[in-house]
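[1] need coordinates for the following:
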Amino acid sequence: MPSPSIPLSSRKTYLIIAAGAVVMSMALGSRQTFGLFISPLSYDYGLPVTLIAFAIALHNLVWGFAQPLAGAATDRWGPAPVVAFGALAYGVGLAMTALASSGWMLALGMGVFIGVGISCTSFGVVLTAVGRNVAPQRRSMALGLASAGGSLGQVLMVPLVQGMRSSAGITVALLALAALVAATAPLGLALGRRAPSGVAGAADDAGLGFSLRAVVAQACRHRGYRLLTAGFFACGFQLAFIATHLPGYLELCHMPMGLAATALALIGLFNMAGSWTCGWLGGRFRQQHVLGWLYLVRSAAIGLFFVLPKSELSVTLFAAVMGLTWLGTVPLTSGLVARIFGTRHMGTLFGVCFLSHQLGSFLGAWLGGLALDLTGSYTLLWGATFVAGVMAALLHFPIDERDAAAAMAKA
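    Below you'll find the predicted structure:
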């Protein structure tokens, strides 16, 4: 018999949300600072900007391919060992980046180890643990709350790293990040030591008794899941380009030093409100429609920011709007996956969907550096991020989430 979902008001649920928020804060907050290291790594270590951008892009790609595996491991063994392994791998990657003496060492540390580590310490693992312990009608709100808490690291880590980088250098800053991330390894115990024996809800029950291969095959045949996966590509493309190259773009626009760090911190601050709001909206409206409007708002902000004159005010407003729409896609997307297929294989199915997101992230980060080296500007990429968001909105509005669980229940 499936075990009942834990009410959102229970103490255990809040402990899971809090532990997950801390883990994601360290993982995502550290990642949010990578754009601040591009210029120092180039000047101090003598590495080309294209190579550094490729290493950052590579971690997005590795993260994407590792996410379904991390999700499957969570589905089978629970989040505790997955989070512990990921935190240690992430710490090793940051330490290798700090000590990188060559391009291959930078690519291995920032690209491979960090990519594997973040796949085990972010959405696909943490939100899966949260989603399994909350009643279906409250799941979107809980996922939004966990995502909002996970944004706290994006607010705190950017000014912290900026200060350490200025006072002690990038090597010390990266080693400090490595220690902080590795210290979160034990928090996976609060998320659960074992995979759950079951969850409540009709959609959740529909996934029971089916093999992982059958569930993945069903997902690939579901038109809504394919549209959701394709649209998630645009999210990764937009966010990776902005997080990685906004500091360099502001330098080209002759903006004051330190404004980039302020903008990245503001994105994290407003992302807390945005993630919670998107989770709340997803519990009251069709999640795919909320996603569609989110992409339209984000693209409008990108287009206006690029064409209007640059000033401290315009950068601040852009960061605020981007923060409100930054990671709100995650609780909505993961909640929609759970609504369609249940939570039994949520880690794996969200991981497959997230692979598309990370393919977009790879291209957004890498093509930004390539465009700068080839053309001396980011104009082409700003245009591409605008178009990608509009296309994503058009993909999300027609998603129908109602038929997959019923089809599996009748199979």
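[2] let me see the contact set for Leu304.
    Counting by Cβ atoms under 8 Å, 6 or more residues apart in numbering, Leu304 touches Phe318. From N, CA and C alone the C-beta is placed, and that goes for glycine too.
[3] quick one: it from Lys310, how far?
    Distance from Leu304 to Lys310, counting by Cβ to Cβ, to the nearest Å: 12 Å.
[4] also Val82?
    When Cβ to Cβ is the yardstick, Val82 and Lys310 sit 42 Å from each other.
[5] neighbour count winner among these two?
    Remark: of Val82 and Lys310, Val82 carries more neighbours, 29 against 17, as counted by other Cβ atoms under 10 Å.
[6] surely that one and Ala73 touch.
    Yes. Counting by Cβ atoms under 8 Å, Ala73 is a contact partner of Val82 at 5.1 Å.
[7] now do the shared contacts for these two.
    Overlap between the contact sets of Val82 and Ala73, as judged by Cβ under 8 Å, 6+ apart, is given by Cys120.
[8] for stretch 98-114, list every residue counted as buried.
    For stretch 98-114, a neighbour-count test (16 or more other Cβ atoms under 10 Å) marks Ala98, Ala100, Leu106, Ala107, Leu108, Gly109, Met110, Gly111, Val112, Phe113, Ile114 as buried.
[9] got the contact list for the last one?
    Just to be clear, that refers to Ile114. When contacts are counted by Cβ under 8 Å, 6+ apart, Ile114 touches Arg31, His59, Val62, Ala89, Tyr90, Gly93, Leu94, Thr97.
[10] quick check, nearest of those to Ile52?
    When these are compared for distance to Ile52 (Cβ to Cβ), Thr97 wins out at 9.9 Å.
[11] what about the closest one, how many neighbours?
    Burial of Thr97, expressed as a neighbour count using other Cβ under 10 Å, amounts to 30.
[12] check which helix or strand covers it.
    With elements delineated by DSSP states H and E, Thr97 resides in helix 79-98, which encompasses its position.
[13] export that helix as CSV, just CAs?
    Included here for helix 79-98 are C-alpha records, laid out as CSV according to Å, rounded to 0.1, in the frame of the first residue of the first chain:
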residue,chain,number,x,y,z
PRO,A,79,18.6,11.4,-1.7
ALA,A,80,21.1,11.1,1.2
PRO,A,81,23.9,9.2,-0.6
VAL,A,82,23.3,11.2,-3.8
VAL,A,83,23.6,14.6,-2.1
ALA,A,84,26.7,13.5,-0.1
PHE,A,85,28.5,12.3,-3.3
GLY,A,86,27.5,15.4,-5.2
ALA,A,87,28.7,17.9,-2.5
LEU,A,88,32.1,16.2,-2.4
ALA,A,89,32.4,16.1,-6.2
TYR,A,90,31.4,19.8,-6.4
GLY,A,91,34.0,20.7,-3.8
VAL,A,92,36.7,18.8,-5.7
GLY,A,93,35.8,20.6,-8.9
LEU,A,94,36.0,24.0,-7.3
ALA,A,95,39.4,23.2,-5.8
MET,A,96,40.7,22.0,-9.1
THR,A,97,39.5,25.2,-10.7
ALA,A,98,41.3,27.2,-8.0
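[14] in terms of secondary structure, what does the helix or strand following that helix contact?
    Using DSSP H and E, the helix or strand that follows helix 79-98 towards the C-terminus is helix 103-106. Secondary structure elements in contact with helix 103-106, counted by 3 or more Cβ pairs under 8 Å, 6 or more residues apart in numbering; DSSP states H and E, are helix 49-77, helix 79-98.
[15] circling back: least confident of the contacts of Ile114?
    Confidence by pLDDT is poorest for Arg31 among the contacts of Ile114, given 83.
[16] just send the buried residues of stretch 98-114 back as JSON lines, with pLDDT and distance to Glu251 too.
    Rendered in JSON lines, the data for the buried residues of stretch 98-114 read as follows (pLDDT from 0 to 100; distance: Cβ to Cβ, whole Å):
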{"residue": "Ala98", "pLDDT": "89", "distance to Glu251": "23"}
{"residue": "Ala100", "pLDDT": "83", "distance to Glu251": "22"}
{"residue": "Leu106", "pLDDT": "89", "distance to Glu251": "21"}
{"residue": "Ala107", "pLDDT": "90", "distance to Glu251": "24"}
{"residue": "Leu108", "pLDDT": "93", "distance to Glu251": "28"}
{"residue": "Gly109", "pLDDT": "92", "distance to Glu251": "25"}
{"residue": "Met110", "pLDDT": "90", "distance to Glu251": "21"}
{"residue": "Gly111", "pLDDT": "90", "distance to Glu251": "24"}
{"residue": "Val112", "pLDDT": "94", "distance to Glu251": "28"}
{"residue": "Phe113", "pLDDT": "96", "distance to Glu251": "28"}
{"residue": "Ile114", "pLDDT": "94", "distance to Glu251": "24"}
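[17] thanks a lot, see you next time.
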